[in-house]
Each structure stands twice: as C-alpha cells, then as structure tokens.
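J.: let me see the structure of the following:
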Amino acid sequence: MTNRIDHAAEAVGLLALAVAAQHRGDPRHLIAAAHIHATLAVAEQARIANLIALAKLAGRDEDAHE
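T.: Numbering: from 1, shown residues only. The predicted structure follows:
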C-alpha cells in the first residue's frame, strides 16, 4: 500500500504557513490548500465511521475495533 497522508497535520501546517506569509503577499493559495486537506481529513473520518457502522450492522462486533 502507498504511504498515507495525514491530511489533518497537512492542513494545520499549511494554515501556519499562510499566517506567516500574510505579511509577504497573498496567502490565499495556502489557505485553499489547507481547506482541501481539512476536507479530506473529515472525509477519511466519515469513511472510518461508516465502515464501523457497517461492521456493526453485519453483526460482527469484533471487527468494529479494527
């Protein structure tokens, strides 16, 4: 499997860069990239929650912790 990206950490890092860059120019591209990573982090969490809910519906409670 490929290396996974920690989208939440990327969002925080990009937002910090945007705050630091606001005095040197237009940080909108950094803010947009941070927003994208934050959205992807939320989507990953929703996917995990859906997989857990599906495992519970299937009656396999032992799989809900994986």
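
J.: quick one: the helices in this protein?
T.: 7-21, 28-57 (DSSP state H).

J.: single out the most deeply packed of those.
T.: helix 7-21 (a mean of 16; mean count of other CB atoms under 10 Å). Every C-beta, even on glycine, is put in place using the N, C-alpha and C of the backbone.

J.: kindly calculate the angle that that helix makes with helix 28-57.
T.: 160 degrees (axes from the mean of the first three to the mean of the last three CA atoms, to 10 degrees).

J.: now for His7: which residues touch it?
T.: Going by CB atoms under 8 Å, 6 or more residues apart in numbering, His7 touches 37-38, 40-41, 44.

J.: flag the shaky bits of the protein, pLDDT-wise.
T.: 1, 60-66 (pLDDT under 70).

J.: gap between the residue positioned nearest the centre of it and Leu57?
T.: A centroid search over the chain (CA atoms, centre = their mean) returns Ala41, at 1.3 Å, as the residue closest to the centre. Distance of Ala41 to Leu57, given as CB to CB, to the nearest Å: 25 Å.

J.: with Ile36 instead?
T.: 31 Å.

J.: that older thread, of the contacts of His7, which is the nearest to Arg4?
T.: Using CB to CB, Glu44 comes nearest to Arg4 of the contacts of His7, at 8.9 Å.

J.: just give the nearest non-adjacent residue to the closest one, would you?
T.: His7 (6.6 Å; CB to CB, 6 or more residues apart in numbering).

J.: now do Ile31
T.: Nearest residue to Ile31 in three dimensions, chain neighbours excluded: Ala18, at 4.9 Å (CB to CB, 6+ apart).

J.: cool, Ala33 as well?
T.: Spatial nearest neighbour of Ala33, chain neighbours left out: Leu14 (5.0 Å); criterion: CB to CB, 6+ apart.

J.: contacting residues for that neighbour?
T.: By CB under 8 Å, 6+ apart, the contact set of Leu14 is 30-31, 33-34, 37.
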